[in-house]
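Novice: Dropping the sequence and predicted coords here.
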Amino acid sequence: MTVYEQTDTLPSAGARAQSFGGRGTARDYISLLKPRVMSLVVFTALVGILIAPGNQHPFLSLLALLCIAIGGGASGALNMWWDADIDAVMSRTQKRPIPAGKITEGEALAFGMILSIGSVVVLGLVSNWMAAGLLAFTIFFYVAIYTMWLKRSTPQNIVIGGAAGALPPVVGWASVTGSVDVEPLVLFFITFAWTPPHFWALALVKNADYTAAKVPMLPVVAGERATRNQILLYSLILAPIGAAPYLIGFASIAYGALATLLGAIFIYKAVQVRRFESGDAARAACMSLFKFSLLYLSLLFATLLVENIIGGFL
């Protein structure tokens, strides 16, 4: 039995209280796109575009990147539409446009659907339909598989659902080549393995929120100790995957050294999360890992980006 099969369930999508809505500003609609998440989507997709072989016109690459960004933002808007009931309960999401009464659920749904369809169609027209299909699948997976199904039914939601957030570099690569190869798949697996320890570190800090909203995140269902163990396990898996671009030959030894160092720091911080299980020290260890995880992924992808730019001038 999942938490949503109990008698004290949250309202279904069709029975949610209506937002006051209709007063949304441009800033509110931008907020629906989850700009912080979108920035990661844009960055990883850009790396996929630039390391791909081929001579795509820069303007077409820019249009492709814009489509991927809009598609990612559309996913965020549809996520907020579906999760309006949860967002109204959790302290960190109560000020989002829908629970705050600035945008109605219907407005968010229409906004997300228009951007989803538009981004996929335009990407197909300016690049190719392989990339468009992958973008459509990314949006579908995040909204239908993760948001509507996994998030409310299994503590492995973020593990499986993390595939959606790991796909942008694959979409970027395909927008140039019309195909998928080993290089973008390696970037996919780096982000895929990175997502659980990154998100669970924050979930440990926000455990009370998820408990109140009855979202079966791993700390809620399996407990905090089990979550700390899983964070360490995934960190041990992530470290060698992070070095894979050097190991298989599409990154330099400098990247390999940096990835090894960052992987070791990541594991150390995961050990600290496992070591401190309560109090301020535990919270500090979780937030330290969460913040470092953002730096970890950014530095790896930035190094690949810089190496590609330098290589293009040599």
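Specialist: Thanks, I have it.
Novice: So what's the residue count around residue 25?
Specialist: 11 (other C-beta atoms under 10 Å). Where you see a C-beta, it was placed from the backbone N, CA and C, and this is true even at glycine.
Novice: Not counting sequence-adjacent ones, nearest residue to it?
Specialist: residue 102 (7.5 Å; C-beta to C-beta, 6 or more residues apart in numbering).
Novice: swap in residue 53?
Specialist: Closest residue in space to residue 53, ignoring its immediate chain neighbours: residue 177 at 6.6 Å, by C-beta to C-beta, 6+ apart.
Novice: Grab the most central residue of this protein for me.
Specialist: The residue lying closest to the centre of the chain (C-alpha atoms, centre = their mean) is residue 165, at 3.7 Å.
Novice: wait, isn't that one in contact with residue 41?
Specialist: Yes: using C-beta atoms under 8 Å, residue 165 is in contact with residue 41, at 7.5 Å.
Novice: rewinding a little: where does the residue nearest to the centre of the chain land on pLDDT?
Specialist: Residue 165 is assigned a predicted lDDT (pLDDT) of 93.
Novice: helix or strand right after the helix or strand that contains it?
Specialist: According to DSSP states H and E, residue 165 maps onto helix 157-166. Of the helices and strands lying after helix 157-166 in sequence (DSSP H and E), the nearest is helix 168-177.
Novice: Now the element after that following helix, going C-ward?
Specialist: Downstream of helix 168-177, the next assigned helix or strand under DSSP H and E is helix 182-205.
Novice: Output the contacting helices and strands for the very next helix or strand once past that next one.
Specialist: Per DSSP H and E, the first helix or strand lying C-terminal to helix 182-205 is helix 207-213. Helix 207-213 sits against helix 84-89, helix 218-221, with contacts defined as 3 or more C-beta pairs under 8 Å, 6 or more residues apart in numbering; DSSP states H and E.
Novice: Deepest in the core, which of those is it.
Specialist: Mean neighbour count (mean count of other C-beta atoms under 10 Å) peaks for helix 218-221 among the helices and strands packed on helix 207-213, with a mean of 22.
Novice: just checking, what packs against the following helix or strand past that one?
Specialist: Once the chain leaves helix 218-221, the next helix or strand it forms, by DSSP H and E, is helix 224-242. Packing partners of helix 224-242 (3+ C-beta pairs under 8 Å, 6+ apart): helix 182-205, helix 218-221, helix 253-275, helix 279-313.
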